[in-house]
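Engineer: mind looking at a prediction? Sequence and model below.
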Amino acid sequence: MKPAFLAALLLALNATPAFAVSQGRHYGHLPIHVRGTLQGSETHEDVFHGRAGQRVKIEIHSARIRWLEVSVSPLSAKAPVFSFHGKQGRSGMVTLPHDDAYRLRVAIRPEGAQIGHRVDFRVDITAASHLAFHATVAHP
């Protein structure tokens, strides 16, 4: 094999993609707290496990929140159960539809990514309600 061809092949295999996805962590169950910094078209993804009917609160913190896109989707479906595009409030509540693993995806909005914005963020996902069983009290 010619050295020039081999060098080109190695360069192609190690080339940086047009967008980068940071390594996500796989969490167990809630709560999860994710911190990171994105620049340009980078994205951050994490996976957590949720139960059908579980209510969760998603809080987004950033000084440059208007540049963020945040979504939560079941791994078994493409449609998000939560979607944030920098314009609505900093938190939301959602009821998870299935027992499943869910993907948290954080990215910079396309217009900010083109400019090369850098955004520090924190996303907290916590259980909003717990199942409570009330015992009846007998009165004599």
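Structural biologist: It's in. Residues are numbered from 1 along each chain as shown.
Engineer: please name the nearest non-neighbouring residue to residue 72.
Structural biologist: Among residues not flanking residue 72 along the chain, residue 82 sits closest, at 4.1 Å (CB to CB, 6 or more residues apart in numbering). Heads up, the C-betas are built off the backbone N, CA and C, glycines and all.
Engineer: and the one you found, how many neighbours?
Structural biologist: 17 (other CB atoms under 10 Å).
Engineer: what does residue 49 give?
Structural biologist: Neighbour tally, residue 49, other CB under 10 Å: 17.
Engineer: what about it, distance to residue 77?
Structural biologist: 15 Å (CB to CB, to the nearest Å).
Engineer: related to what we said a few turns ago, quick one, what contacts the residue nearest to residue 72?
Structural biologist: With contact set as CB atoms under 8 Å, 6 or more residues apart in numbering, residue 82 has these partners: 58, 70, 71, 72, 92, 94.
Engineer: pop out the phi and psi values for it.
Structural biologist: phi -150, psi 140 (degrees, to the nearest 10).
Engineer: retrieve the pLDDT associated with it.
Structural biologist: On the pLDDT scale, residue 82 is placed at 93.
Engineer: any idea which residue sits dead centre in the protein?
Structural biologist: Centroid-nearest residue in the chain, with CA atoms, centre = their mean: residue 104, separated by 2.1 Å.
Engineer: surely that residue touches residue 122?
Structural biologist: No: in this structure residue 104 lies outside contact range of residue 122 using CB atoms under 8 Å: 11.9 Å.
Engineer: joint contacts of those two?
Structural biologist: residue 34.
Engineer: how much space between the residue nearest to residue 72 and residue 39?
Structural biologist: Relative to residue 39, and taking CB to CB, residue 82 is found at 24 Å.
Engineer: residue 99 too?
Structural biologist: Residue 99 is 36 Å from residue 39, by CB to CB.
Engineer: that older thread, for the contacts of residue 82, which one is nearest residue 28?
Structural biologist: residue 72 (16.1 Å; CB to CB).
Engineer: so who does the closest one touch?
Structural biologist: 58, 80, 81, 82, 94, 102, 103, 104, 105, 125.
Engineer: rerun that using 10 Å as the cut-off
Structural biologist: 46, 48, 50, 56, 58, 80-84, 92, 94, 96, 102-105, 123, 125 (CB atoms under 10 Å, 6 or more residues apart in numbering).
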